[in-house]
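Chemist: Fold the following and give me the result.
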Amino acid sequence: MAIDGAPSRLLSVLVASLLGLLWFVCCRHLSAEWSFNEQYNYGWFVPFFAIYLFWLRWEDRPKPTAPVWKFAAGLLMVCAALTLLPLRVFEIGSADWRPLGWAHMGAVATITLSLIYLTGGAAWLRHFSFPVLFFFVAVPWITPIEGPIVQNLMRIIAASAAETLGLFGIPAQVEGNLIRLPRGLVGVNEACSGVRSLQTSLMIGLLFGELKRLKLVPRLVLIAGAIAIALVANFLRATFLVWIGSSRDLAAISQWHDLAGYAVVVLVFIGTMWIASGWKTARNEETTSAKSGDFPILPSISYLPVVALLFWVVAVEIGAECWYRIHERNLIARAGWSVRWPESASGYREIKIDNEVRQQLRFDSGREARWTLAQNGQAGGSPPGGAYLFFFRWNPGSGTILRARAHRPDICLPAAGWAQIGSGQLETYNINSNTSLPFQRFDFVKQNSNGQPLRAHAFFTLHEDVAHETETGAAANAGLYSNWDLADRWRVVRNGIRNRGQQVLEIIIVPPPQADDSTVEQQFAELVPKLIEPAK
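Modeler: Numbers count the residues shown, from 1 in each chain. Below you'll find the predicted structure:
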């Protein structure tokens, strides 16, 4: 991959086409999370910021130097390109698996930085690294890392807001990231989301640090300042919303909710910009003499590797699509079912689905309800004796499996103050002599207002409309499509499975204190046949 002599506009266009296609495919994969998850809505701005930062770097780029480690750079680029095929195949079948986003971004960044190094040597690699690596702020955090951080911060903010309101004589009790008032519950943020401005503040801190070209320590100070402003602003937002709910009514909160959220982002932006204004802007003094309006012709590298990479990226997309289409030739319909809502049960009432849940899940049909189990006989907000049912349906071609995975009990219940204490294996429950469904059980616990422990047992199932003819019967009902572990994800890819219609059902039982696990299990087994209506 040696450097050729004369610059070439054609080669520059080929390189730009290669990089444009690489980054477009990566952004298309990440955009699903940017769209449905409010915490990552800012991801739509990151590509434009990255391009702008790269252009600023281009205007004061240093003189190119000859690359020393040509073979190593070429080898890295080839290895990264080869990983694109399995990544794309996995992404189509398992779009909600966040490590794939990090691996995909790593491969694209490696190819980009390798091309930069082969073009301008170490000087260019150092100079252009930040705009490329800046893109990582748009990649959703891996759930085991994001979950504890976001949930703990939410609880700290909720507790701080409740204590502050108590100083002003407003009775408030913390329940997870919710605050209970005499009028009802107020969410510090929706139960299935986190501190939406946390990741945004990280992006803003990095952005202003690059615009000012700060050294490492000032950049870290700027990022810390942006995060601190975000946390304080979220505390003020939570306190304000709870005060609105207490002084007026809970319905008034929705009128201020979004405005308060946008105000947090504005405060972070202005506050970070003010902190950054205290440092002088640094620029590279050893730059080329290129004018900002010049066509950005790159020093030429060999045509062959660029053209080969471009064809490979196109072949990867075609090959990944063909893999699933080939496996979809023998699809057969699975036995469908619907929910029989217990409208005549004691204490039955519909639960209004929150607008933000609708925006996130974007289901074609959905419904929530609660009632009192006959043998328990004690109703209320979350007391023992209650049963809850959540059902969402996505028609074929209307979305991806990402949305169905966004409303699981192990995601939403901890955000509402429940601590998960266990999850069982998938177990099959009989509906009738011809139909059975697999459910996974999740167990949770929390304390009520009197300090007594409450237990909740959530049963969750995800149903796909179609199956391969070799995976019918017991195999089709054994949790094959659960996508909760690496083995399931591998089966999805190996068998070429993607969304062809799906629905999720979640049933939560909050038993009385004296009920043991076997009683709950028996109760659920008796309840399921009454709630499921097999398709005829």
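Chemist: Does residue 71 lie in a helix or a strand, and which?
Modeler: Assigned by DSSP states H and E, residue 71 belongs to helix 70-93.
Chemist: buried set for that helix?
Modeler: By 16 or more other Cβ atoms under 10 Å, the buried positions in helix 70-93 come out as 70, 73-74, 76-77, 80-81, 84-85, 87-93. (Each C-beta comes from the backbone N, C-alpha and C, glycine too.)
Chemist: Show the subsequent helix or strand relative to that helix.
Modeler: Following helix 70-93 toward the C-terminus (DSSP H and E): helix 98-133.
Chemist: Poorly predicted segments of the stretch 251-400 of the chain, please.
Modeler: Residue ranges of the stretch 251-400 of the chain with pLDDT under 70: 251-255, 257-258, 282-301, 355-356, 359-360, 374-385, 397-400.
Chemist: For it, which segments count as strands?
Modeler: 331-333, 337-339, 349-350, 365-372, 386-394 (DSSP state E, counting those that start in this stretch).
Chemist: Tell me which of those is the most buried.
Modeler: Compared across the strands of the stretch 251-400 of the chain, strand 386-394 shows the largest average neighbour count, a mean of 21 (mean count of other Cβ atoms under 10 Å).
Chemist: which other helices and strands contact that strand?
Modeler: For strand 386-394, the elements it packs on are strand 365-372, helix 401-404, strand 502-510, judged by 3 or more Cβ pairs under 8 Å, 6 or more residues apart in numbering; DSSP states H and E.
Chemist: So which elements touch the helix or strand following the shortest one?
Modeler: Using DSSP H and E, the helix or strand that follows helix 401-404 in sequence is helix 409-415. Using 3+ Cβ pairs under 8 Å, 6+ apart as the contact criterion, the elements in contact with helix 409-415 are helix 143-167, strand 419-423, strand 436-447, strand 453-464, strand 502-510.
Chemist: Quick one: work out the angle between the shortest one and strand 453-464.
Modeler: Which is strand 419-423. Interaxial angle of strand 419-423 relative to strand 453-464 (axes from the mean of the first three to the mean of the last three Cα atoms, to 10 degrees): 50 degrees.
Chemist: Need the mean per-residue confidence for the following helix or strand past strand 419-423.
Modeler: Using DSSP H and E, the helix or strand that directly follows strand 419-423 along the chain is strand 427-430. For strand 427-430, mean pLDDT is 86.
Chemist: partners of strand 427-430 in the sheet?
Modeler: strand 436-447 (antiparallel) (DSSP bridges).
Chemist: Next, please give the residue ranges for the helices of the stretch 251-400 of the chain.
Modeler: Assigned by DSSP state H, counting those that start in this stretch, the stretch 251-400 of the chain shows helices spanning 251-276, 303-327, 355-361.
Chemist: want to try a markdown table for the ones you listed, with mean neighbour count as columns?
Modeler: As requested, the helices of the stretch 251-400 of the chain are exported to a markdown table (neighbours: other Cβ atoms under 10 Å):
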| stretch | mean neighbour count |
| --- | --- |
| helix 251-276 | 16 |
| helix 303-327 | 15 |
| helix 355-361 | 16 |
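Chemist: a markdown table for those, including distance to residue 135?
Modeler: Below are these laid out as a markdown table (distance: least, Cβ to Cβ, whole Å):
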| stretch | distance to residue 135 |
| --- | --- |
| helix 251-276 | 19 |
| helix 303-327 | 17 |
| helix 355-361 | 24 |
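Chemist: and residue 140, which of these is closest to it?
Modeler: helix 355-361 (13.5 Å; Cβ to Cβ).
Chemist: Shouldn't residue 171 be within a strand?
Modeler: No: judged by DSSP: H, G, I helix; E, B strand; the rest coil, residue 171 forms no part of a strand; its state is coil.
Chemist: backbone phi and psi for it, please?
Modeler: phi -70, psi 120 (degrees, to the nearest 10).
Chemist: Neighbours of it, how many?
Modeler: 11 (other Cβ atoms under 10 Å).
Chemist: mind checking pLDDT for it?
Modeler: 74.
Chemist: Of all the buried residues of helix 70-93, the one with the weakest confidence?
Modeler: Within these, pLDDT is lowest for residue 93, at 78.
Chemist: I'd guessed that residue sits against residue 492; true?
Modeler: Yes: shown here, residue 93 and residue 492 form a contact pair, counting by Cβ atoms under 8 Å, at 4.3 Å.
Chemist: ok, back up a step: for the helix holding residue 71, which outside residues touch it?
Modeler: For helix 70-93, contacts defined as Cβ atoms under 8 Å, 6 or more residues apart in numbering pick out 1-2, 25, 29, 67, 97, 100, 103-104, 106-108, 110-111, 114-115, 117-118, 305, 309, 312-313, 316-317, 319-321, 323-324, 489, 492-493, 496-498.
Chemist: Check the offset of it from the chain's centre.
Modeler: 23 Å (Cα atoms, centre = their mean, to the nearest Å).
Chemist: now do stretch 350-364
Modeler: For stretch 350-364, the distance to the chain centre is 17 Å (Cα atoms, centre = their mean).
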